[in-house]
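>>> here is the input, now give the coordinates:
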Amino acid sequence: MNGLEYLIALRYHAVMIGIKYGIKTLAINYDPKVETLAKFVKIPCINFDEEKMIISTYYNITKKWLMQPLTFIIIL
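Now for the predicted structure:
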């Protein structure tokens, strides 16, 4: 996780890892517990059915957070 700027995480524990290490994390809600965690720690969360393609998610994150290329990992 060293040098990681952003994390896109689908699984609950992947979101937890991002939070623990202070990585800017985008939670993808597939289960209510992921959405609950995201709301609790005030991180962005999108519903799984809202974003069908990872490229679309990458574009939205880039536009929202940095307006430049990112260093991130996707954990599904």
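>>> biggest strand in this protein, by residue count?
Looking across the chain with DSSP state E, the single longest strand is strand 24-29.
>>> direction included, what does that one pair against?
When pairing is defined by DSSP bridges, strand 24-29 lines up against strand 6-9 (parallel), strand 45-47 (parallel).
>>> for residue 33, which of the ones you listed is the nearest?
Across the strands paired with strand 24-29, residue 33 has its closest neighbour in strand 45-47 (11.4 Å, Cβ to Cβ). To be clear about C-beta, it is placed using only N, CA and C from the backbone, and glycine gets the same treatment.
>>> average pLDDT across that closest one?
Averaged over strand 45-47, pLDDT sits at 87.
>>> can you give me the helices in the protein?
With DSSP state H as the criterion, the chain has helices at 12-20, 32-41, 54-61.
>>> which one of those helices is the most hemmed in?
Ranked by mean neighbour count under mean count of other Cβ atoms under 10 Å, the helices of the chain are led by helix 12-20, which reaches a mean of 17.
>>> give me the below-cutoff pLDDT ranges for this protein.
Low-confidence segments of the chain (pLDDT under 70): 1-2, 49-76.
>>> about what we covered before: check the strands paired with strand 24-29 for me and report the most buried one.
Mean neighbours per residue, mean count of other Cβ under 10 Å, is largest over the strands paired with strand 24-29 for strand 6-9, with a mean of 22.
>>> about what we covered before: would TSV of the strands paired with strand 24-29 with distance to residue 37 be doable?
Listed next are the strands paired with strand 24-29 as TSV, based on distance: least, Cβ to Cβ, whole Å:
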stretch	distance to residue 37
strand 6-9	10
strand 45-47	8
